[in-house]
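S.K.: Got a predicted structure here, sequence first:
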Amino acid sequence: FQLQAYGGGLVQAGGSLRLSCAASGFSLDDNGIGWFRQAPGKEREGVSCISGGGSVAYRDSVKGRFTISRDIAKNTVFLQMSSLGPEDTATYYCAKSMGSSCRVRFGIYDSWGQGTLVTVSS
């Protein structure tokens, strides 16, 4: 299984960015995908996830600002981030769940992609 996250960059506060997670070796119909982030000096935390069935979930701090979606044909999951603030600065990772479900926390993810850095300037 391989996951490749990309799309990070530098953006001003209030701006938007879209992250992508390209998956290979499995189908998004069968496995959930989670987005996590890790800010400097902080623990990694769950941000959003989408299950194999298409159900989505978000951590409270990003609800209404972030939208997770997927393109089954391209086997890619997206994280559209809007109204970004400095608190969103982090390295973002995508991960594959062991089954079809998803959770915005650890415990069910067994494969991780490399991170993509998002920096929000104030």
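M.R.: Yep, that arrived. This is a predicted model, so every value here is computed, not measured.
S.K.: Please, which helix or strand holds the residue nearest to V104 when sequence neighbours are not counted?
M.R.: Nearest-residue entry for V104: G46, 3.7 Å, with adjacent residues in sequence omitted and distances by C-beta to C-beta, 6 or more residues apart in numbering. (C-beta placed from N, C-alpha, C; glycine too.) G46 belongs to strand 45-50 when elements are defined using DSSP states H and E.
S.K.: Then A5?
M.R.: Going by DSSP H and E, A5 is part of strand 2-6.
S.K.: Partner strands of the very next helix or strand once past that strand, with direction?
M.R.: The helix or strand immediately downstream of strand 2-6 is strand 9-12, counting by DSSP H and E. Strand 9-12 sits in its sheet next to strand 116-121 (parallel), going by DSSP bridges.
S.K.: from the chain's centre, how far out does the partner strand sit?
M.R.: 13 Å (C-alpha atoms, centre = their mean, to the nearest Å).
S.K.: what comes up buried for the strand holding A5?
M.R.: Residues L3, A5 are the ones in strand 2-6 that count as buried (16 or more other C-beta atoms under 10 Å).
S.K.: helices or strands up against that strand?
M.R.: Judged by 3 or more C-beta pairs under 8 Å, 6 or more residues apart in numbering; DSSP states H and E, strand 2-6 is in contact with strand 17-24, strand 90-97, strand 109-112.
S.K.: if we can go back for a sec, can you give me the neighbour number for the residue nearest to V104?
M.R.: 21 (other C-beta atoms under 10 Å).
S.K.: thinking again about what came up before, save the helices and strands packed on strand 2-6 as JSON lines, and put in mean pLDDT, mean neighbour count and distance to T76 too.
M.R.: Converted to JSON lines, the helices and strands packed on strand 2-6 look like this (pLDDT from 0 to 100; neighbours: other C-beta atoms under 10 Å; distance: least, C-beta to C-beta, whole Å):
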{"stretch": "strand 17-24", "mean pLDDT": "98", "mean neighbour count": "19", "distance to T76": "5"}
{"stretch": "strand 90-97", "mean pLDDT": "98", "mean neighbour count": "24", "distance to T76": "10"}
{"stretch": "strand 109-112", "mean pLDDT": "96", "mean neighbour count": "17", "distance to T76": "15"}
